[in-house]
Structures are given as structure tokens and as C-alpha cells.
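Chemist: I'd like to go over a predicted model; first the sequence, then the structure.
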Amino acid sequence: MNPENRTSEQVNMKFHCTYCGYKIETSNGQSGQLMTCPSCSADILVPPPPISELSAKSNANPKKSDSLPTQGFVYRRLFLISLIGCLIFGALTAIYSLITSSFDTSQATILLTTVSLGTYSMTGLCCSTLIGHPQHNRFGQIGIAVSVFSGFWAFVNNLAILANQEINNWGELLQVRFSFLVVAVAFAHCSLLLRIHTTNKTVQNVRYVTLGIIAMFSMVLLGNIMAPDNFSTSWKLISILSVLNVLGTIATPLYHAATKESKAN
């Protein structure tokens, strides 16, 4: 085989980032190696070269394969649009209330609904970063489902307030509402940590410990929400877990960045 033809074959390998869907071009000789995505800066593993049949199909319809957006990109675009819409609607409601000087219960409920939907759009956006991930795709799907259901629950509660319905179990409804919020935030928090792709064992262990702390912190919070009388005896545990939670959340990406720099050097 002509060496020039062999070199040209090694330059034309193309694949998509498993996190953001960005199209990357590299040589066949880099397959199996770890590289950084130029779009989202995630560490990704270069896949092996495609077999001849698959490459022939991709060459037959190159525009069709390049034009298909990834599922994660669709989810992220959806949550971003909803988040922007909630922010704009909330801002207009606040401005109208200030101009008319009539911030009544209806406007307060509308503003609360906008903030709630915006919050769950952010948690869903965090979970959508795992869509298409080879290992944590299911976790991202569950997180999105939790955010969507939590936002729907908040919307229904606010409609009941706006309609001035007489509900005797408001306390229980609020407990369930705050419980959904804790679970949605926990899924979003874990999703951002799971998005870090690393082969370093120390970084992986720190991340797993942090994920365990997030789970414990969420469970303790849920217990106190459902039984507020226990807060006087568990506030120290909540404080300790919150400190460890912040420490692990900061330490995981920082140590990952440090190991990446040392490896590059």
C-alpha cells in the first residue's frame, strides 16, 4: 500500500462527542486514547475506526448523519428555552407589579410559579448533560423525569392557591413540594459530578464519596421536612454534611483539573 494513501486514511476519522455531540476529526492512530473535546472540554475516549461497511454507509449519506442532533442537545435546548421564558415572564410580572403598585396574591402566585418552573428547568438542564453518556444515561433520564414532575406539582399547587381553594392539608402538600425540590436538586448536583470523565482512581473515589454525602444529606433533609420537630436534634448533622458536601463538590473538579495538567506536562 502506498504510504501516502495510508497517511490519508489516518486523517479522515470523524466521530461525535458523547457529551455535547460536537463533531471531532482526528487520525485513526489516536483510537483508544483520551482527548479533550474542543467544544465542551470534556475528556472523551477516541473510538476505534469504523468497519468498512459502516464507513461506506456514512460516506454515502454524510449530510444526513451530520445533521441529526443528539438527544442531549435537544433536551438542553428545551430546558434553556423554558428557563429563558420563565425569567422573562417573571421579570415582566415584577415590573408590572412595581408600576401598578398592586402586588396582590394573584401576582405573587404567578411570580412564585415562574420561579418554580425556572428552578426545575435548571435542575433538568443539569441532568440533561448526561443524556447520551455511555454509563450514566439512565441516571440523567430519571433526573429529568423528577424535574418535570416536580415542576408540574409546583404548578398545580400554585393554581390551587390562585383559585383560592380551601384545602385542609396545605402543610402536607408543602412538605411534598419541598421534598421534590430536594430530590431534584440532588439529581442535578450528582449529574454535574458524574459528567466529569476521568480514569484517575483518586478522582473517581473522591467523586463517589461526594455522591454518597449528597445522598445522605438529601435523606436527612427529607427526614426533617417530613418531621420538622426533629430539626433541633439533627441540625448539627445537617451542618456537617453540608460542609462535606461543599468540600467534595469543589475538590472533585479541582483535583481532576490538576491531574489533567500534570498528565499533559
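Modeler: That came through, no problem.
Chemist: where along the stretch 1-150 of the chain do the strands fall?
Modeler: Counting by DSSP state E, counting those that start in this stretch, one finds strands in the stretch 1-150 of the chain at the ranges 13-16, 23-26, 34-36, 43-45.
Chemist: Dump those into TSV; add distance to residue 155 as well.
Modeler: In short, each C-beta sits where N, CA and C put it, glycine included. Below are the strands of the stretch 1-150 of the chain laid out as TSV (distance: least, C-beta to C-beta, whole Å):
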stretch	distance to residue 155
strand 13-16	35
strand 23-26	38
strand 34-36	40
strand 43-45	37
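Chemist: In contact with residue 187: list those residues for me.
Modeler: Applying C-beta atoms under 8 Å, 6 or more residues apart in numbering, we find residue 187 in contact with 123, 126-127, 139, 142-143, 146-147.
Chemist: Now the buried members of those.
Modeler: Burial by neighbour count, 16 or more other C-beta atoms under 10 Å: within those this picks out 123, 126-127, 139, 143, 146-147.
Chemist: out of those, which one sits closest to residue 47?
Modeler: residue 139 (22.1 Å; C-beta to C-beta).
Chemist: That closest one reaches residue 130, doesn't it?
Modeler: Yes: between residue 139 and residue 130 there is a contact under C-beta atoms under 8 Å: 5.9 Å.
Chemist: Let me know the average pLDDT across the helix or strand where residue 213 lies.
Modeler: Using DSSP states H and E, residue 213 sits in helix 201-226. On average, the pLDDT along helix 201-226 is 93.
Chemist: before we move on, the earlier item: need the buried ones among the contacts of residue 187 in TSV (columns: pLDDT).
Modeler: Shown next, in TSV, are these (pLDDT from 0 to 100):
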residue	pLDDT
123	93
126	92
127	92
139	94
143	94
146	95
147	93
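Chemist: What count of nearby residues applies to residue 184?
Modeler: By the criterion of other C-beta atoms under 10 Å, residue 184 has 25 neighbours.
Chemist: The stretch 101-250 of the chain: helices as residue ranges?
Modeler: Assignment of helices within the stretch 101-250 of the chain using DSSP state H, counting those that start in this stretch yields the ranges 105-128, 137-162, 170-194, 201-226, 231-264.
Chemist: what's around residue 30, how many residues?
Modeler: Residue 30 has 12 neighbours, counted by other C-beta under 10 Å.
Chemist: Tell me who's in contact with it.
Modeler: Residue 30 is in contact with 13, 46, counting by C-beta under 8 Å, 6+ apart.
Chemist: And the lowest mean pLDDT element among the helices and strands of the chain?
Modeler: Ranking every helix and strand in the chain by mean pLDDT, DSSP states H and E puts helix 62-67 at the bottom, with a mean of 44.
Chemist: Could you measure from residue 178 over to residue 201?
Modeler: 37 Å (C-beta to C-beta, to the nearest Å).
Chemist: and the closest residue to residue 120 other than its chain neighbours, what is it in contact with?
Modeler: Of all residues not flanking residue 120 in the chain, residue 151 sits nearest, at 3.7 Å (C-beta to C-beta, 6 or more residues apart in numbering). Residues counted as contacts of residue 151 (C-beta under 8 Å, 6+ apart) are 116-117, 120-121, 124.
Chemist: Any chance of the backbone angles for residue 198?
Modeler: In terms of degrees, to the nearest 10, the main-chain angles of residue 198 are phi -150, psi 150.
Chemist: just checking, it touches residue 257?
Modeler: No: Residue 198 is not in contact with residue 257 according to C-beta under 8 Å; the separation is 10.1 Å.
Chemist: Settle it for me: which of the two has more neighbours?
Modeler: Taking neighbours as other C-beta under 10 Å, residue 198 and residue 257 compare with residue 198 leading, 18 against 12.
Chemist: Tell me, how many residues neighbour the nearest residue to the more buried one once chain neighbours are set aside?
Modeler: In space, and not counting its chain neighbours, residue 198 is closest to residue 256: 5.3 Å by C-beta to C-beta, 6+ apart. Here the number of neighbours of residue 256 (other C-beta under 10 Å) works out to 20.
Chemist: Number the residues from 43 up from this point.
Modeler: Done: numbering now begins at 43, and the last item shifts to residue 298.
Chemist: what's the distance between residue 298 and residue 136?
Modeler: Going from residue 298 to residue 136 by C-beta to C-beta gives 39 Å.
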